[in-house]
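>>> Here's my sequence, what's the structure:
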Amino acid sequence: MTEAFRVDGRRVLVVGAARSGLAAAALLVRRGARVTLADSRTAIAEDAALRALGITVELGPHRLDTFLGAELIVTSPGVPLEIEPIARARQAGVPVVGELELASRWLRGRVVAITGTKGKSTTTTLVGRMLEASGRRVLVGGNIGVPLSAQVDASTSDTLHIVEASSFQLETTETFHPWIAALLNLSPDHLDRHPSEAAYAQAKARVFANQGPDDWTVVNAESAGALALAAGSRGRLVRYAVEAPLETGVYVEGGVIWQRTSEGAVPLVPLSAVQVSGRHMLGNVVAASAISHLAGAAPADLAAGLAGFTGLEHVMEPVATVGGVRFVNDSKATNVDAAARSIESFDGVVAIVGGRYKGGRFEDLRGPLAAHGRAVIAIGESASQVAAAVDGIVPVETAGSMGEAVRRAAALAAPGGVVLLAPACSSFDMFESYDARGRAFKEEVARLRERSP
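This is a model prediction of the structure:
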């Protein structure tokens, strides 16, 4: 905790009224700040509740004088730093931090931070379960579930904060200091927001920026990009892998997840305890095992954390089997690499791909589709890009709605095959979130099942 950090009586502007901004504004009020919350929307459901807390609410077009008059600006993760009022305020010397950075300055417990292009939510959830099984006092949040600002008041010296950290959250960190920092992988993503792949990688690398020799850096040995970023950390390096042979680290061999050190190998978890599908999902389990064991969980605790865990909603989620065809919802596969790993997890795949493009090469789906695919249903704004990229590999059809996509995919699938929602894109062209997209997919599958003989 940064004891010297105080906001008593200071004019603090919070930008963005999503869950992180709302939590930050409430925290700041409790800490004595004079808070204004600005959001570009013209109406928000929380307006009256915020004003009741003494928060000034400014909706609609941002007012430059509000930004320039602040003594501190706190941004929600969804707010780009490049918007003009923030850029002007920074030029004028107004400090700008993100909600994650703000909250971390008041935490009393240690932080375990998990980032990466894919697998963050699953790994974070598993680490929380494993450490809870070990008897530790655990709070899970950040980019998943509860914002870190909502955990500050409950933070104690023996609390472990298990934090999923996105690139948007990390890019605004200054003092954020994880005891254990994990980078699961790195591939192009969010290029609709970050100006380049290098800028995206640089944001991810912030997770290691304040680590020292008493901290731990956990990294995927099978991700060259992640290894390169982790090389800059001052923490003690622990590598993990699913297939790569490791002289030291956490790895899979002979149906067991092992940890090998200079003193020998210790069995951590039998693979028989793992109830999720796909090689990349196994990678998340290996990562969670490595992180949790470092944090003090015994092998029995790791297995207990895995018990009954079949995955998160919208992450390789089995939905139903209709007419011998399996339907799987991986709506959270919002980038090309994640979609590729999903497709590789099955055979006879009819993949529903598309949405709002946010970077990456759809051509990278050609190899997985050639080996595992039967057809593609292209949807959303990027449908023509998807179709052009995979043309000649598998048959491609386009659909104008999720209902049409599910029906067309079902018609192209054969018994024993899989209809897989693996969009490789954000949802914002057709849906308000990846959750809404996943729910729409499941609703259409349910309708299909009702009509099926």
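>>> Show me what Ile180 bridges to in the sheet.
Bridge pairing for Ile180 (DSSP bridges) gives the partners Val112, Trp216.
>>> Which residues are in contact with it?
Residues in contact with Ile180 (Cβ atoms under 8 Å, 6 or more residues apart in numbering) are Val111, Val112, Ala113, Asp215, Trp216, Val218, Ile291, Leu294, Ala295. (C-beta placed from N, C-alpha, C; glycine too.)
>>> Poorly predicted segments of this structure, please.
Low-confidence segments of the chain (pLDDT under 70): 1-3, 188-195.
>>> Repeat the analysis, applying 80 as the threshold.
For the chain, the stretches with pLDDT under 80 are 1-4, 187-195, 453.
>>> can you point me to the longest helix in it?
helix 434-451 (DSSP state H).
>>> what's that one in contact with?
313-314, 317, 319-320, 322, 327, 329, 331-332, 334, 352, 355, 402-403, 405-407, 410, 419, 421, 423, 426-427, 430-431.
>>> Please apply the same query to stretch 29-42.
The contact list for stretch 29-42, computed with Cβ under 8 Å, 6+ apart, reads 6-17, 21-22, 25, 28, 50, 53-63, 66-67, 70, 72, 106, 153.
>>> Tell me the buried residues in it?
Val29, Arg31, Ala33, Arg34, Val35, Thr36, Leu37, Ala38, Asp39 (16 or more other Cβ atoms under 10 Å).
>>> swap in stretch 251-271?
Buried residues in stretch 251-271, defined by neighbour count with 16+ other Cβ under 10 Å: Tyr251, Val252, Ile257, Trp258, Gln259, Arg260, Leu268, Val269.
>>> so where does Ala182 fall, helix or strand?
Under the criterion of DSSP states H and E, Ala182 resides in strand 180-183.
>>> was I right about Ser345 contacting Ser277?
Yes - assessed by Cβ atoms under 8 Å, Ser345 is found in contact with Ser277 at 5.9 Å.
>>> hmm, back to that, mind picking the one among the contacts of Ile180 that's closest to Leu246?
For the contacts of Ile180, the minimum distance to Leu246 (Cβ to Cβ) is 12.8 Å, reached by Val218.
>>> What separation do you get for that closest one and Val127?
Val218 sits 10 Å away from Val127, going by Cβ to Cβ, to the nearest Å.
>>> domains for the protein, by residue range?
11-94, 101-306, 317-451 (automatic domain parsing).
>>> Quick one: end-to-end distance for the longest one.
Across domain 101-306, the straight-line distance between its terminal residues is 31 Å, by Cα to Cα, to the nearest Å.
>>> ok so, going back, hey, what's in contact with both of Ser345 and Ser277?
With Cβ under 8 Å, 6+ apart, Ser345 and Ser277 have common neighbours Met316.
>>> higher neighbour count, those two?
Ser345 (21 against 16; other Cβ atoms under 10 Å).
>>> ok, that one - contacts?
Ser345 touches Ser277, Gly278, Arg279, His280, Met281, Met316, counting by Cβ under 8 Å, 6+ apart.
>>> Looking at those, which two lie furthest apart in space?
Every pair of those checked by Cβ to Cβ; the farthest is Arg279 and Met316, at 11.0 Å.
>>> ok, the two, which is more surrounded?
The neighbour comparison of Arg279 against Met316 (other Cβ under 10 Å) goes to Met316, with 24 against 12.
>>> I'd like to know how many residues surround the residue nearest to that one when sequence neighbours are not counted.
Spatially, and ignoring its direct neighbours in sequence, Met316 is nearest to Asp330 (5.2 Å; Cβ to Cβ, 6 or more residues apart in numbering). By other Cβ under 10 Å, 28 other residues sit near Asp330.
>>> Ramachandran angles for Asp330?
phi -120, psi 50 (degrees, to the nearest 10).
>>> OK, contacts around it?
Contacts for Asp330 (Cβ under 8 Å, 6+ apart) come out as His314, Val315, Met316, Glu317, Ala338, Ala339, Ser342, Leu420, Leu421, Ala422.
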